[in-house]
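Undergrad: Need a 3D model of the sequence below.
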Amino acid sequence: MFYAARAALSERDLSVRSHLGMWNLFRRTFVDGGEFDALLARAAAAAQEPREDADYRARRFSGEEAREQVELAERFVSAVRQMVGP
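TA: Numbers count the residues shown, from 1 in each chain. All right, here's what the predicted structure looks like:
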């Protein structure tokens, strides 16, 4: 989701240095202007913490939690793709 959001920003010649900065800029650029669903963007940004827990703190997730994250990622990437075009 992070890379999809970053790619969308790059289509506007925008970039940032941090994850938090990227999500804030994505929100200001696409959500605040009504181009992207606010709830979906918020859920994608919130997924960063559990991902970091898995990567850096070896947190384990249930199969259901993993499926939910994959489904969220698929929805988010699809919505970004639709927003920026082919």
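Undergrad: what sits up against the helix or strand of the chain with the lowest mean pLDDT?
TA: Every helix and strand of the chain was ranked by mean pLDDT, DSSP states H and E. The lowest is helix 48-57, at a mean of 75. Here helix 48-57 makes contact (C-beta atoms under 8 Å, 6 or more residues apart in numbering) with Phe2, His19, Trp23, Arg59, Arg60, Phe61, Glu65, Gln69. For glycine as for every other residue, the C-beta is placed from the backbone atoms N, C-alpha and C.
Undergrad: which among those residues end up buried?
TA: Phe2, Trp23, Gln69 (16 or more other C-beta atoms under 10 Å).
Undergrad: These in helices, which ones?
TA: Phe2, Trp23, Gln69 (DSSP state H).
Undergrad: Can you tell me, leaving aside adjacent residues, what's nearest to the last one?
TA: Excluding its sequence neighbours, the residue lying closest to Gln69 (C-beta to C-beta, 6 or more residues apart in numbering) is Ala47, at 6.0 Å.
Undergrad: returning to what we had before: which pair in the contacts of helix 48-57 spans the largest distance?
TA: Trp23 and Arg60 (25.2 Å; C-beta to C-beta).
Undergrad: any chance you could map the helices in this structure?
TA: 2-10, 19-26, 38-46, 48-57, 63-84.
Undergrad: on that earlier part again, so the residue nearest to Gln69 touches Ala5, yeah?
TA: No - with contact defined as C-beta atoms under 8 Å, Ala47 and Ala5 do not form a contacting pair (11.1 Å).
Undergrad: which of those two has more neighbours?
TA: Ala5 (24 against 17; other C-beta atoms under 10 Å).
Undergrad: give the contact list for the more buried one.
TA: Taking C-beta under 8 Å, 6+ apart, we find Ala5 in contact with Met22, Trp23, Phe26, Ala41, Ala44, Phe76, Val80.
Undergrad: quick one: the third one and Tyr56, what's the gap?
TA: Between Phe26 and Tyr56 the computed distance is 23 Å (C-beta to C-beta, to the nearest Å).
Undergrad: more neighbours, these two?
TA: The residue with more neighbours, out of Phe26 and Tyr56, is Phe26; 25 against 8, by other C-beta under 10 Å.
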